[in-house]
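J.: Next comes the sequence, and after it the predicted model I'd like to discuss.
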Amino acid sequence: MLAAPPAPGLSTGGYRTRSEAGDTVLAMDLSGLDPNRMPRHVACVMDGNGRWATQQGLPRTEGHRAGEVALFDAAQGALELGLPWFTVYAFSTENWRRPGDEVRFLLNVIADQLLTRRRDELHRLGVRIRFIGRRDWRVPRWVARRMDEATRLTEGNKNMTLTVAFNYGGRAEIVDAVRSIVEAGVPAARINEKTVSAHLYDPSIPDPDLVIRTSGEYRISNFLIWELAYSELVFTDVLWPDFRREHLRDAIAEFQARNRRFGTTGGADLDGLPG
């Protein structure tokens, strides 16, 4: 088993240096960020791969390939920022409706790049990989096997949890949670928000503080619709293949500029409230 390094932590300002394979690399500028107001959990709707490829005069599949590179860079950035939880929307329950060739390519990118080559790199960085979504007949066995291998390999890592939403839909998650509650025989009078949360795909994941959507679209697209009730939303025109750790840093700066009230007044004590 590969050893995981200690958590990187957040500098109080300026550029930091980090070591990669013995070389000193200039990391992103963290000045202006408040280390005491960092989000605990950031989630991303990775949108715009197809449009990026069209703009480049390339097949749509090349956009997905470039999107995988962007994902790895963003995950490294999340580590630099000291984020404990980072979640990405990789493949939705609706994505099966795309052309068969594109679906097969997406599955190959996820399985061969993220779950094989990147898996080992993320493991060396101390990242725990998890998955949320349905494990139904549509998920090929070889993809499910790679998912299980990545989960087992990285389960002991503690620097950051990267959750990949695969074959995921927010409504499907709620439906599956309700089915689980019914199967457990919970009386209707005892069902509350905590009951539903406890039956989601991974109840250990905290609700996201910040949700980022790329490509200039202003919608949630069935992503974490139960969990993002109190999330701050940041929308960017950047297409996902062009998204880098600096864009993640900028989104967090915007998050820190907001006053999260959770339904209270601005001067209220927010201790214990969600988010």
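T.: Cool, the structure landed.

J.: Distance of the spatially most central residue of the chain relative to C44?
T.: Note on the chain: the residue nearest the mean C-alpha position is T87, at 1.5 Å, using C-alpha atoms, centre = their mean. T87 sits 7 Å away from C44 when distances are taken as C-beta to C-beta, to the nearest Å. Any C-beta I mention is one placed from the backbone N, CA and C, and that applies to glycine too.

J.: tell me what the lengthiest helix in the chain is packed against?
T.: Scanning the chain for the longest helix, with DSSP state H as the assignment, gives helix 60-80. Secondary-structure packing of helix 60-80 (3 or more C-beta pairs under 8 Å, 6 or more residues apart in numbering; DSSP states H and E): strand 23-29, helix 49-55, strand 85-92, helix 100-108, helix 118-124, strand 160-168, helix 245-256.

J.: Can you give the strand pairings for the third one, parallel or anti for each?
T.: What it means is strand 85-92. Paired neighbours of strand 85-92 in the sheet (DSSP bridges): strand 41-45 (parallel), strand 160-168 (parallel).

J.: Quick check, E62 in contact with G50.
T.: No - using C-beta atoms under 8 Å, E62 makes no contact with G50, being 9.8 Å away.

J.: higher neighbour count, those two?
T.: Counted by other C-beta atoms under 10 Å, E62 and G50 do not tie: G50 has more neighbours, with 21 against 18.

J.: Excluding chain neighbours, what is closest to D207?
T.: Leaving aside its chain neighbours, D207 sits nearest to E227 (4.6 Å; criterion: C-beta to C-beta, 6 or more residues apart in numbering).

J.: Can you get me a residue count around that neighbour?
T.: E227: 21 neighbours (other C-beta under 10 Å).

J.: how far away is it from R104?
T.: 30 Å.

J.: what's the answer for A172, then?
T.: In terms of C-beta to C-beta, A172 sits 22 Å off from R104.

J.: the more surrounded of those two?
T.: Shown here are A172 and R104; by other C-beta under 10 Å, A172 has more neighbours (18 against 13).

J.: Now do the SS call for the more buried one.
T.: Classification of A172 using DSSP: H, G, I helix; E, B strand; the rest coil returns helix.

J.: Surely it is in contact with I132?
T.: No - assessed by C-beta under 8 Å, A172 is found out of contact with I132, at 10.5 Å.

J.: Name the nearest residue to I132, ignoring sequence neighbours.
T.: Nearest residue to I132 in three dimensions, chain neighbours excluded: Y201, at 4.0 Å (C-beta to C-beta, 6+ apart).

J.: What is the neighbour count of that neighbour?
T.: By the criterion of other C-beta under 10 Å, Y201 has 19 neighbours.

J.: And the one 3 residues further on, by the same measure?
T.: Residue crowding around S204 was assessed by other C-beta under 10 Å; the count is 9.

J.: In TSV: the helices and strands packed on helix 60-80, plus distance to G67 and mean pLDDT.
T.: Shown next, in TSV, are the helices and strands packed on helix 60-80 (distance: least, C-beta to C-beta, whole Å; pLDDT from 0 to 100):
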stretch	distance to G67	mean pLDDT
strand 23-29	20	55
helix 49-55	4	95
strand 85-92	9	95
helix 100-108	9	87
helix 118-124	12	93
strand 160-168	13	96
helix 245-256	14	96
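
J.: Let me have these in TSV, extended by distance to S215.
T.: What follows is the helices and strands packed on helix 60-80, written out as TSV (distance: least, C-beta to C-beta, whole Å):
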stretch	distance to S215
strand 23-29	22
helix 49-55	7
strand 85-92	12
helix 100-108	17
helix 118-124	22
strand 160-168	17
helix 245-256	12
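
J.: Run a quick neighbour tally on V175.
T.: Per other C-beta under 10 Å, the neighbour tally for V175 reads 12.

J.: Can we start the residue count at 14 from this point?
T.: With 14 as the first residue, the last one maps to V188.

J.: Could you check the pLDDT of it?
T.: V188 carries a pLDDT value of 97.

J.: count of residues packed around D263?
T.: 15.

J.: Repeat that for E259.
T.: Residues near E259, counting by other C-beta under 10 Å: 13.

J.: quick one, what contacts it?
T.: 41-42, 90 (C-beta atoms under 8 Å, 6 or more residues apart in numbering).
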